[in-house]
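K.L.:
need a 3D model of the following:
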Amino acid sequence: MNPDDPQDNPQDNPSNPSSKLKTRREILRQGVLTTVGALGLATGLELLTRRPGMAAAAALAAPSKKIYQGPYDTSEPMSALEDITGYNNYYEFGVEKSDPARNAGKLKTRPWSVVIDGMVKKPQTVDIDTLQSWFPLEDRLYRMRCVEGWSLVIPWMGFPLAALLRRIEPTSKARYVKFTALADPKQMPGVKAGVLDWPYVEGLRLDEAMHPLTLLAVGLEGKILPNQNGAPLRLVVPWKYGFKNIKAITRITLTDKQPTTTWSLIAPDEYGFYANVNPKVDHPRWSQATERRIGELARRPTLPFNGYAEEVAHLYKGMDLRRYF
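P.N.:
Residues are numbered from 1 along each chain as shown. Got it, this is the predicted structure:
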């Protein structure tokens, strides 16, 4: 439990209209139908893939030498690695912040295939190692803001989603990209317990997906992505709240209809499709005006679009961002 997290302690939040309202975690606990057993204390990072000869795998096995001064990198200092890998939401492995690091170590990320289908000219099923070998891997130091009011600065490694979309060639009718995650009750205690409607689904508008900031991450700080952070493939959209950044992706579907996403399905008045970070649009049960950077005591002001307004605000020109939250 974290007393600074509005989800953990909503009665201490002055914007909370009622201490009797269910917290996000309590909503999840309602869905638990069975007792969840821990999968053990394994927290291995899978530093070697099962196909050691591949160039992409070799790149992920060694630390990155890059200094984070690229055109998309934040100038803020990176969060502590133990916070990045030890404090996160990944409800397939449990509802507490420490559950993913404790329970995700045994997830098998090789072999792994990603289905690419829908309104594309080149639908296919591709092995994860082949997929990541198609593109140069880039380091990106991004801010991450959780809808719960906490934040991190994370050094991702991956490739622009736009590069993959150009390769598979969306048809002229495609308007959205739908992402589907793995939901394996044998490996994921949260899936077995039924804490959400599985599989986890997220989506982006096609122009959001094509933006150069939008990343498909396969690594973290120059090494292969830890299981608890979404291995082997996760979405990173830094101007949106963290729940948009779906982990363990198994399917990417191009469609002409806005996908019904997991959190907008379970609580549509609280979690919208767009989920752009906006300090002026409060969650119904807490303010979004400030955030707490993990590792710091004081709260800091939340930046519009999480500090990426200059790059992405034009995508929403003319939209009422209070309505389309």
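K.L.:
use CA for all of it now, contacts and neighbours both
P.N.:
Fine.
K.L.:
ok, the spatially most central residue of the chain - contacts?
P.N.:
Centrality entry for the chain: nearest residue to the mean C-alpha point is residue 245, 2.1 Å, by Cα atoms, centre = their mean. Contacts were defined as Cα atoms under 8 Å, 6 or more residues apart in numbering; by that measure residue 245 touches 202, 234-237.
K.L.:
now flag whichever of these is closest to residue 258.
P.N.:
Proximity of the contacts of residue 245 to residue 258 was ranked by Cα to Cα; the top entry is residue 202 with 10.1 Å.
K.L.:
which ones are touching that closest one?
P.N.:
For residue 202, the contact set (Cα under 8 Å, 6+ apart) comprises 178-180, 244-246, 259-262.
K.L.:
the stretch 1-150 of the chain: helices as residue ranges?
P.N.:
24-30, 55-61, 81-86, 99-103, 128-133 (DSSP state H, counting those that start in this stretch).
K.L.:
apologies, that question was intended for the stretch 201-325 of the chain.
P.N.:
In the stretch 201-325 of the chain, the helices defined using DSSP H, counting those that start in this stretch lie at 206-210, 262-266, 309-312.
K.L.:
adding distance to residue 99 and mean neighbour count, write these out as a markdown table.
P.N.:
As requested, the helices of the stretch 201-325 of the chain are exported to a markdown table (distance: least, Cα to Cα, whole Å; neighbours: other Cα atoms under 10 Å):
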| stretch | distance to residue 99 | mean neighbour count |
| --- | --- | --- |
| helix 206-210 | 30 | 18 |
| helix 262-266 | 20 | 18 |
| helix 309-312 | 33 | 13 |
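K.L.:
residue 150: which of those is closest?
P.N.:
Residue 150 lies closest, by Cα to Cα, to one member of the helices of the stretch 201-325 of the chain: helix 262-266, at 18.1 Å.
K.L.:
list the helices and strands the closest one packs on?
P.N.:
Helices and strands touching helix 262-266, as assessed by 3 or more Cα pairs under 8 Å, 6 or more residues apart in numbering; DSSP states H and E, are absent.
K.L.:
that one: how far from the chain's middle?
P.N.:
Computed by Cα atoms, centre = their mean, to the nearest Å, the chain-centroid distance of helix 262-266 equals 15 Å.
K.L.:
same question, stretch 179-188
P.N.:
Using Cα atoms, centre = their mean, the offset of stretch 179-188 from its chain centre is 15 Å.
K.L.:
who's in contact with that stretch?
P.N.:
Here stretch 179-188 makes contact (Cα under 8 Å, 6+ apart) with 92-93, 103-104, 106-107, 191-192, 198-203, 246-253.
K.L.:
buried subset of those, written for ChimeraX?
P.N.:
Selection of buried members from the contacts of stretch 179-188 for ChimeraX, criterion 16 or more other Cα atoms under 10 Å:
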select :92,93,103,104,106,107,191,192,198,200,201,202,203,246,247,248,249,250,251,252,253
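K.L.:
give me the subset of the contacts of stretch 179-188 lying in strands.
P.N.:
If you go by DSSP state E, the contacts of stretch 179-188 have 201-203, 249-253 in strands.
K.L.:
tell me the one of these nearest residue 160?
P.N.:
residue 252 (14.1 Å).
K.L.:
max-length strand in the protein?
P.N.:
The longest strand of the chain (DSSP E) is strand 150-160.
K.L.:
which other helices and strands contact it?
P.N.:
strand 138-145, strand 215-220, strand 290-293.
K.L.:
parallel or antiparallel, which strands does it pair with?
P.N.:
Strand 150-160 has the following sheet partners, assigned by DSSP bridges: strand 138-145 (antiparallel), strand 215-220 (antiparallel), strand 290-293 (parallel).
K.L.:
of the helices and strands packed on strand 150-160, which is nearest residue 114?
P.N.:
Across the helices and strands packed on strand 150-160, residue 114 has its closest neighbour in strand 215-220 (12.4 Å, Cα to Cα).
K.L.:
can I get the CA coordinates of the closest one in PDB?
P.N.:
Presented in PDB, the C-alpha positions along strand 215-220 are these (Å, rounded to 0.1, in the frame of the first residue of the first chain):
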ATOM      1  CA  LEU A 215       7.300   3.300 -29.700                       C
ATOM      2  CA  LEU A 216       7.200  -0.500 -29.600                       C
ATOM      3  CA  ALA A 217       9.600  -1.300 -26.800                       C
ATOM      4  CA  VAL A 218      11.600  -4.500 -26.600                       C
ATOM      5  CA  GLY A 219      14.300  -3.400 -24.200                       C
ATOM      6  CA  LEU A 220      15.000  -1.300 -21.100                       C
END
